[in-house]
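Novice: Turn this into a structure:
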Amino acid sequence: MNPASPTDLVTRDALPLPVRLWPLAGWGLFLLAAFPSCRWYFHRISDQSDEPLGLLALLVFTGLVWTRRQEIEWRPTLLIRGSGLLLAWTWADNSAYPMVMTAGVLAVLLSSMQLREGKSGLAALLLLSLPLMASLDFYAGSPMRLAAAEMARVTLSTIGLTVTRAGTLLMDGDRIVGVDPPCSGVRMLWTTWFVGATLASLRRLHLPGTLTLLGIATFLVTAGNGLRATVLYFPESGRAHWPHLAHEGVGLACQALVLAGVYLVAGQASGANRVPPTHRSFTWMAATAPFLVALGLLWHFLPSERSQSNTFVWPATWDGVPLHSVPLSERESRFAQSFPGQVGRFHCGEAEVILRHVTQATRLLHSSADCLRASGYEIRSQLAWQDIDGRVWGCYEARHRGQSYRVRERITNSSQSQCHTDVSSWYWSAFWNPETGPWLAMTVIETIPSR
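Specialist: Prediction:
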């Protein structure tokens, strides 16, 4: 960075005091506007309802900004304008949209930062710093599992195995292997995006290069996840007998191959990035980001999504055992007010049954594992289970304060013609086929006797 000339120093010293205080005022106003989002952010990543991977992206972003601090110019006027919109959002009490509010905070921060090269990689890191894993698993989990299962089917058929696919299940005679939610590849996708964004910033890629790198990274993750499903089919189907740690080893090997591919692509993109494009002002980002934040002010006055009329009648028994209704807690009652359907809790013998009658595809139908994890439970995934009536359930074990619970859940439509064992596959089925609803999500929690 060139040292300031005497003329610059004289001019700077001649600035009126209020003008020289603009940076301080901008950062002060920004910190004030960002406080509610920061409080929500750290609560979200500490209550275990989402994985704290975003902190890693935020720390890397901070480190990269610090190393390039001499190249970055901050625009206090943009900070002040954006922070004003954020404060207006807070005043309008848009507490129902904390993720959008936090994204607005990051957008204001990014738009006020002027950097000639490598800004797109920093923007990607900021996006990845949001607590996105739960939503990414909800929306992308099922499509990624379907893609992995189909790639495995094609590959296995190519080498001579007569494998067919039903959803995410691979079938070869009596052998049935499922690509379960833990094997969806969502974590591999986030990790690869994180490495790609970091490389894009280090190699100072411009926006086209960064988008190309992340797009290729997504393709490599899809291929790598398909390779993992193909290899693991052999031990899971009993065709091969490998050590128990082979499952994790195969996953790590596929992740390493994907990251190696991303590193090579980043090197090629860096070579094509040597001739920088014409310098452009980033004021369009400053205008766009606060505009998106301002939309929250309009949402405040829009009617919220409300439950349908309470016309569904809960069953009186469950598998022949009487159901006894349990009042919802205050928190559950508030949630039920915006839920598109009904929520009910019941005692069924020694088990607890949670029924959710839902009338449309919605993000509000969470997996029970997310709710329990947010309450401090340790979750351990298990294989799908089929009961004596032939019903297939998604299963996991929840542990809290030394007590273990066996949890199983499934989602069926009104005609019982469709069944889903995870919310991601249900969501996309309900989204594309709304006429098959309404649906009933069933969760059964049973205490595992202590040994």
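
Novice: in the stretch 101-250 of the chain, which spans are helices?
Specialist: Remark: helices assigned in the stretch 101-250 of the chain by DSSP state H, counting those that start in this stretch are 119-128, 133-158, 186-202, 207-237, 246-271.

Novice: An error on my part: the question was meant for the stretch 351-451 of the chain.
Specialist: For the stretch 351-451 of the chain, the helices defined by DSSP H, counting those that start in this stretch cover 368-374, 423-432.

Novice: burial count for residue 98?
Specialist: 17 (other Cβ atoms under 10 Å). Yep, even glycine has a C-beta here, placed from its N, CA and C like the rest.

Novice: if we can go back for a sec, can I get the helices of the stretch 101-250 of the chain in TSV including distance to residue 347, mean pLDDT and mean neighbour count?
Specialist: Shown next, in TSV, are the helices of the stretch 101-250 of the chain (distance: least, Cβ to Cβ, whole Å; pLDDT from 0 to 100; neighbours: other Cβ atoms under 10 Å):
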stretch	distance to residue 347	mean pLDDT	mean neighbour count
helix 119-128	43	88	23
helix 133-158	29	86	19
helix 186-202	35	91	23
helix 207-237	37	89	20
helix 246-271	37	85	16
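
Novice: For those helices, could you give me JSON lines that also reports distance to residue 395?
Specialist: Output for these, formatted as JSON lines (distance: least, Cβ to Cβ, whole Å):
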{"stretch": "helix 119-128", "distance to residue 395": "31"}
{"stretch": "helix 133-158", "distance to residue 395": "16"}
{"stretch": "helix 186-202", "distance to residue 395": "19"}
{"stretch": "helix 207-237", "distance to residue 395": "16"}
{"stretch": "helix 246-271", "distance to residue 395": "18"}
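
Novice: among those helices, which is nearest residue 425?
Specialist: Judged by Cβ to Cβ, the one of the helices of the stretch 101-250 of the chain that comes nearest to residue 425 is helix 133-158, at 4.0 Å.

Novice: elements contacting that closest one?
Specialist: Packed against helix 133-158 by the contact rule (3 or more Cβ pairs under 8 Å, 6 or more residues apart in numbering; DSSP states H and E) you find strand 164-166, strand 169-172, helix 186-202, helix 207-237, helix 423-432.

Novice: chain center to that helix, what's the gap?
Specialist: Counting by Cα atoms, centre = their mean, to the nearest Å, helix 133-158 is centred 16 Å from the centre of its parent chain.

Novice: mind checking which helix or strand residue 99 is in?
Specialist: Assigning secondary structure by DSSP states H and E places residue 99 in helix 98-111.

Novice: by how many degrees do that helix and helix 119-128 diverge?
Specialist: 160 degrees (axes from the mean of the first three to the mean of the last three Cα atoms, to 10 degrees).

Novice: and helix 98-111, what does it pack onto?
Specialist: Using 3+ Cβ pairs under 8 Å, 6+ apart as the contact test, the elements touching helix 98-111 are helix 22-46, helix 76-91, helix 119-128, helix 283-299.

Novice: now these as CSV including distance to residue 112?
Specialist: Shown next, in CSV, are the helices and strands packed on helix 98-111 (distance: least, Cβ to Cβ, whole Å):
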stretch, distance to residue 112
helix 22-46, 8
helix 76-91, 4
helix 119-128, 12
helix 283-299, 7
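
Novice: So which of those is nearest residue 188?
Specialist: Closest to residue 188 of the helices and strands packed on helix 98-111 is helix 119-128 (Cβ to Cβ; 13.9 Å).

Novice: packing partners for the closest one?
Specialist: By 3+ Cβ pairs under 8 Å, 6+ apart, helix 119-128 packs against helix 53-67, helix 98-111, helix 186-202, helix 207-237.

Novice: what about 10 Å?
Specialist: If contacts are counted by 3 or more Cβ pairs under 10 Å, 6 or more residues apart in numbering; DSSP states H and E, helix 119-128 sits against helix 53-67, helix 98-111, strand 113-114, helix 186-202, helix 207-237.

Novice: can you list the domain ranges for this protein.
Specialist: When the chain is parsed with automatic domain parsing, its domains come out as 6-116+282-299, 133-271, 317-448.

Novice: Looking at those, which one is packed in the most?
Specialist: A comparison of those by mean neighbour count, using mean count of other Cβ atoms under 10 Å, puts domain 133-271 on top with a mean of 18.

Novice: where does it sit relative to the chain's centre, distance-wise?
Specialist: Computed by Cα atoms, centre = their mean, the chain-centroid distance of domain 133-271 equals 17 Å.

Novice: shaky segments in the protein?
Specialist: Applying pLDDT under 70 to the chain flags residues 1-21, 47-50, 92-97, 174, 270-311, 451.

Novice: Tell me who's in contact with the residue lying closest to residue 322 once chain neighbours are set aside.
Specialist: Among residues not flanking residue 322 along the chain, residue 316 sits closest, at 6.7 Å (Cβ to Cβ, 6 or more residues apart in numbering). Contacts for residue 316 (Cβ atoms under 10 Å, 6 or more residues apart in numbering) come out as 322, 323, 324.

Novice: what's the closest of those to residue 423?
Specialist: Residue 423 lies nearest to residue 323 out of the contacts of residue 316, by Cβ to Cβ, at 22.7 Å.

Novice: Phi, psi for that closest one please.
Specialist: Phi and psi for residue 323, reported as degrees, to the nearest 10, are phi -100, psi 130.

Novice: Next, work out how far apart it and residue 314 are.
Specialist: Distance of residue 323 to residue 314, computed by Cβ to Cβ, to the nearest Å: 7 Å.

Novice: where do the contact lists of those two overlap?
Specialist: By Cβ under 10 Å, 6+ apart, residue 323 and residue 314 have these common neighbours: 344, 346, 353, 355.
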